[in-house]
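Q: structure here, sequence nowhere to be found:
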């Protein structure tokens with residue numbers, strides 16, 4: 001991996017993966033690099049992509065909503081992949097997406113980019129989905145600029161971390177029977193991630209693809225009910241699926257929030273798009289970029305194999321197989337709960353306090369609740385009460401802290417511990433320290449839980465009110481202890 005500053009732009013003609021921290025970008029950047037192509041990858045937060053340890057990929061930080069960050073990353077770029085969207089930003093994401101696309105198109109023109117490749121979504125006639133209309137508008141805005149655009153439109157993508165795929169997995173893995181909304185009757189042409197990456201890599205090299213829009217899909221045309229049943233057979237499950245036509249997309253989004261781990265804003269936008277048929281019937285790109293298009297079963301097997309082989313380039317909090325205890329059937333996305341507070345203590349003082357977590361069973365707040373949970377774990381054969389800390393005040397990666405294990409550590413900034421208690425799922429507890437302003441820091445405690453089956457979902461919601469109570473208290477006790485220690489040292 002090399003930083004942007006290490007290679008002079010004039011030396012190479014880069015392919016820019018703009019939005020490399022997203023689902024497609026996180027796969028496309030290493031895929032292009034594996035083909036020997038010079039690749040520059042960007043993210044709004046460079047730390048996200050730095051943690052992925054990609055080989056032969058130059059990294060940079062840029063945000064299309066901040067035009068001043070675009071000029072540096074577009075220098076020396078021949079082909080630019082535009083892969084950003086603002087679905088997670090809430091209701092005003094279409095306005096943000098439109099502004100970002102205009103900024104990017106103008107900057108690409110200034111720097112002489114030869115081609116923009118935009119990944120859009122399949123658009124039905126008279127689309128009802130705000131998400132799909134926004135994706136369509138983004139393509140129109142990019143085409144309004146002077147740089148030729150190749151737009152590739154795909155529907156459901158089959159690969160670890162794809163929101164639509166993870167919804168299907170969670171529904172089948174979590175529910176032995178399900179009352180499904182009417183969108184399960186909608187039809188789709190799901191495409192394997194590997195097939196889509198091949199299209200993205202090869203299409204911009206062809207002159208005839210400039211200015212064109214291509215709809216792409218896999219070998220099968222299926223309803224979402226058929227997709228769920230085929231996936232269930234692959235993983236040895238036989239859920240009862242009872243379609244009910246009266247459930248609306250809005251009610252469906254609330255339902256998905258309960259029974260899947262896909263983030264709420266993404267699930268809501270996704271459901272809007274699932275309410276209509278999205279069929280790829282355009283075979284032009286398939287003739288220009290010949291490859292073996294996988295059917296759903298083959299694509300699903302490929303996705304499951306990638307997960308089992310730990311070949312998922314994602315941050316630990318969303319998809320890391322290690323943090324799912326190496327069980328690919330656990331939810332890819334995590335349920336989350338936490339709290340934060342500002343304080344005047346220094347980073348060093350806060351870090352010293354955090355590093356004492358679990359010392360003599362002290363988890364900072366609500367000790368009796370921690371004792372009860374540890375006791376239940378001990379009774380069923382878990383590691384609680386059975387392990388001692390290596391050092392009372394110092395931590396390093398691999399250290400055991402009662403029923404937790406340190407898996408990531410950035411001194412003065414972040415501590416991440418994997419839960420090794422017996423539970424119907426996998427969990428992570430993370431402590432973060434951030435600068436609020438010149439005089440204050442923010443301490444945040446967050447739990448991430450990847451549920452396993454219906455019992456994992458029930459376990460999470462039963463404990464949710466206790467989490468809210470505990471984390472509210474934990475952050476404040478950590479802050480108070482750090483401030484007290486700092487004041488004592490100053491005296």
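A: Received the coordinates, thanks. Quick caveat: nothing in here was measured; it's all calculated off a predicted structure.
Q: residues of the strand or helix carrying residue 368 that come out buried?
A: Using DSSP states H and E, residue 368 sits within helix 367-379. Of the residues in helix 367-379, 370, 373, 374, 377, 378 count as buried by neighbour count, 16 or more other CB atoms under 10 Å. C-beta: built from backbone N, CA, C; applies to glycine.
Q: and the residues you listed, which is closest to residue 483?
A: Distances from residue 483 to those, taken as CB to CB, are shortest for residue 370 (22.8 Å).
Q: ok, that closest one touching residue 363?
A: Yes: when contacts are counted by CB atoms under 8 Å, residue 370 is listed as touching residue 363 (4.6 Å).
Q: burial check on residue 474, number of neighbours?
A: 23 (other CB atoms under 10 Å).
Q: right, I mislabeled it, should have said residue 95
A: Using other CB under 10 Å, the number of residues around residue 95 comes to 12.
Q: and if you look at residue 243?
A: 16.
Q: for it, give me the pLDDT.
A: Residue 243 carries a pLDDT value of 75.
Q: once you drop chain neighbours, what's closest to it?
A: Take residue 243 and drop its neighbours on the chain: the residue closest to it by CB to CB, 6 or more residues apart in numbering is residue 180, 5.0 Å away.
Q: does the one you found really touch residue 229, like I thought?
A: No: if you go by CB under 8 Å, residue 180 and residue 229 don't touch, sitting 11.3 Å apart.
Q: how near is residue 239 to residue 450?
A: 20 Å (CB to CB, to the nearest Å).
Q: more neighbours, those two?
A: Taking other CB under 10 Å, residue 239 and residue 450 do not tie; residue 450 has more neighbours (26 against 18).
Q: show me what contacts that one?
A: Residues near residue 450 by CB atoms under 8 Å, 6 or more residues apart in numbering: 261, 323-324, 330-335, 425-427, 456.
Q: what is the lowest-pLDDT residue among those?
A: Lowest pLDDT of the contacts of residue 450: residue 324, 57.
Q: tell me the domain boundaries of this protein?
A: 2-318, 335-490 (automatic domain parsing).
Q: next one: the first one to chain centre, how far?
A: Meaning domain 2-318. 12 Å (CA atoms, centre = their mean, to the nearest Å).
Q: repeat for the last one
A: Between the mean C-alpha location of domain 335-490 and the chain-wide mean there is a distance of 23 Å, by CA atoms, centre = their mean.
Q: start and end of it, how far apart?
A: Domain 335-490 has its terminal residues 41 Å apart, counting by CA to CA, to the nearest Å.
Q: related to what we said a few turns ago, narrow the contacts of residue 450 to those in strands?
A: Among those, DSSP state E puts 335, 425, 426, 427 in strands.
Q: buried stuff in the top helix by length along the chain?
A: Across the chain, the longest stretch assigned as helix under DSSP state H is helix 453-490. Residues 453, 456-457, 459-460, 463, 467, 470-479, 481-483, 485-486 are the ones in helix 453-490 that count as buried (16+ other CB under 10 Å).
Q: still on that earlier bit, what residues are shared contacts of residue 180 and residue 229?
A: Counting by CB under 8 Å, 6+ apart, the residues touching both residue 180 and residue 229 are residue 241.
Q: higher neighbour count, these two?
A: More neighbours surround residue 180 than the other of residue 180 and residue 229, with 22 against 16 (other CB under 10 Å).
Q: how close does the more buried one sit to residue 186?
A: 11 Å.
Q: strands of the stretch 201-350 of the chain, start to end?
A: 213-216, 222-223, 240-243, 335-343 (DSSP state E, counting those that start in this stretch).
Q: my bad, the stretch 1-150 of the chain
A: Using DSSP E, counting those that start in this stretch, strands in the stretch 1-150 of the chain cover 2-3, 14-18, 39-43, 57-61, 77-82, 115-121, 149-154.
Q: the longest one - what's its average pLDDT?
A: Okay, so that is strand 115-121. For strand 115-121, mean pLDDT rounds to 94.
Q: again with the second one
A: Within the predicted structure, the mean pLDDT of strand 14-18 is 95.
Q: report the angle between it and strand 57-61.
A: Counting by axes from the mean of the first three to the mean of the last three CA atoms, to 10 degrees, strand 14-18 points 50 degrees away from the direction of strand 57-61.
Q: ok, the closest residue to residue 387 other than its chain neighbours - how many residues close by?
A: Closest residue in space to residue 387, ignoring its immediate chain neighbours: residue 400 at 4.6 Å, by CB to CB, 6+ apart. Neighbour count for residue 400, taken as other CB under 10 Å: 17.
Q: contacts only, for residue 400.
A: By CB under 8 Å, 6+ apart, the residues touching residue 400 are 383, 387, 388, 389, 390, 420.
Q: repeat that for residue 154.
A: By CB under 8 Å, 6+ apart, the contact list for residue 154 reads 119, 120, 121, 122, 191, 196, 215, 216, 217, 280.
Q: and the residue lying closest to the third one once chain neighbours are set aside, how many residues sit next to it?
A: Residue nearest to residue 121 in three dimensions, not counting chain neighbours: residue 135, with 4.5 Å by CB to CB, 6+ apart. Taking other CB under 10 Å as the neighbour definition, residue 135 ends up with a count of 25.
Q: run through the stretch 51-200 of the chain and note the low-pLDDT ranges.
A: Within the stretch 51-200 of the chain, the segments meeting pLDDT under 70 span 86-92, 128-129.
Q: which stretches of it form helices?
A: Using DSSP state H, counting those that start in this stretch, the helices of the stretch 51-200 of the chain run over residues 70-74, 93-110, 130-143, 163-174, 193-202.
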